[in-house]
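Asker: structure, please.
(one chain, ligands or ions: 1)
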Amino acid sequence: MNKITLSSLRGFKRDAVKFSVVAAYDASFSRLLADAEVPVILVGDSLGMTVQGHASTVPVSVADVAYHTACVARGNQYSLIIGDLPFMSYTSVEQALDTSKQLMQAGAHMVKLEGGRWLSETFQALNAAGVPSCAHLGLTPQSVNKLGGYKVQGRDADEAQTILEDAIALEAAGADMLVLECVPSELAAKITHAVNIPVIGIGAGADTDAQVLVLHDMLGITPRAPKFSKNFLEGSHSILEAFERFVADVKDGHFPAEEHQFN
Ligand code: KIV
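Answerer: Numbers count the residues shown, from 1 in each chain. Presented below is the predicted three-dimensional model:
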């Protein structure tokens, strides 16, 4: 089993091999995810809700993400690990570089930032510094207070055009991957074809290059799991089997099904 690198992920997009991503936070689950051959683990700031019990991702600190990144890295020699830059930890290029340094030194192989083309200079600086980066567009949970809730984004034509243009601008600025969260499937398909970098969807339909789910949603731990998620533990004999089913269902296009999408 060869270690997953950025080149592997580019190869998946080139060869139209759909791949899976799980947001996870500790060494034990990280080891099981490696056993199930999940290519990418996101140490998401969703840990604020799933692990810390907060109502949003806003209270999560850089130290929190660095700690969980180090835990995930210790359990896994296979997957590519993405560290999430938390709320207000990348308000300037300098701050973004410093936060990224902390996450990369904790064991991340890539960092993720929420926001549109106003972050172009930051993505350029990360690129120049040799830090692989992932953009995050659509529903950006760190802005929940500005967005007025966890709502599908890009439903009207102007909003959809803005998200498409942001994706193109951030790829040009050096972003290596893109997460699209809670956007209509048609828009996600259009963006996935418009950019050359791998696009990871969550609530973004079946046409993105990859699918990400939050560990606690896919194991049925979250009390009211979102519409776009699926409990893979249901019908599985073990957590490992649940992860293996997720990998297989993404690869062969069975997940997400129609009921997990916004049209
Ligand atoms: O924090 C997280 O887990 C995320 C995913 C939901 C994409 O950003």
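Asker: near the ligand, which residues of the stretch 1-150 of the chain show up?
Answerer: 23, 42, 44, 45, 46, 84 (Cβ under 6 Å from any ligand atom). C-beta here means a position set from N, CA and C on the backbone, and glycine is covered the same way.
Asker: please enumerate the strands of the protein.
Answerer: Counting by DSSP state E, the chain has strands at residues 19-23, 40-43, 80-84, 110-114, 133-138, 177-181, 199-202, 210-214.
Asker: pull up the pairing partners for the second one, direction included.
Answerer: Strands flanking strand 40-43 in the sheet, each with its direction: strand 19-23 (parallel), strand 80-84 (parallel) (DSSP bridges).
Asker: OK, now which residue of this protein is nearest to the ligand?
Answerer: Minimum separation of the chain from the ligand (Cβ to the nearest ligand atom) falls at residue 44, amounting to 2.2 Å.
Asker: show me what the nearest residue to that residue once chain neighbours are set aside is bridged to.
Answerer: Excluding the flanking residues, the one nearest residue 44 by Cβ to Cβ, 6 or more residues apart in numbering is residue 23, at 3.9 Å. Bridge pairing for residue 23 (DSSP bridges) gives the partners residue 42, residue 214.
Asker: how far away from the center of its chain is stretch 221-237?
Answerer: Chain-centre distance of stretch 221-237: 18 Å, with Cα atoms, centre = their mean, to the nearest Å.
Asker: is it in proximity to the ligand?
Answerer: No - with Cβ under 6 Å from any ligand atom as the criterion, the ligand is not reached by stretch 221-237; the gap is at least 9.5 Å.
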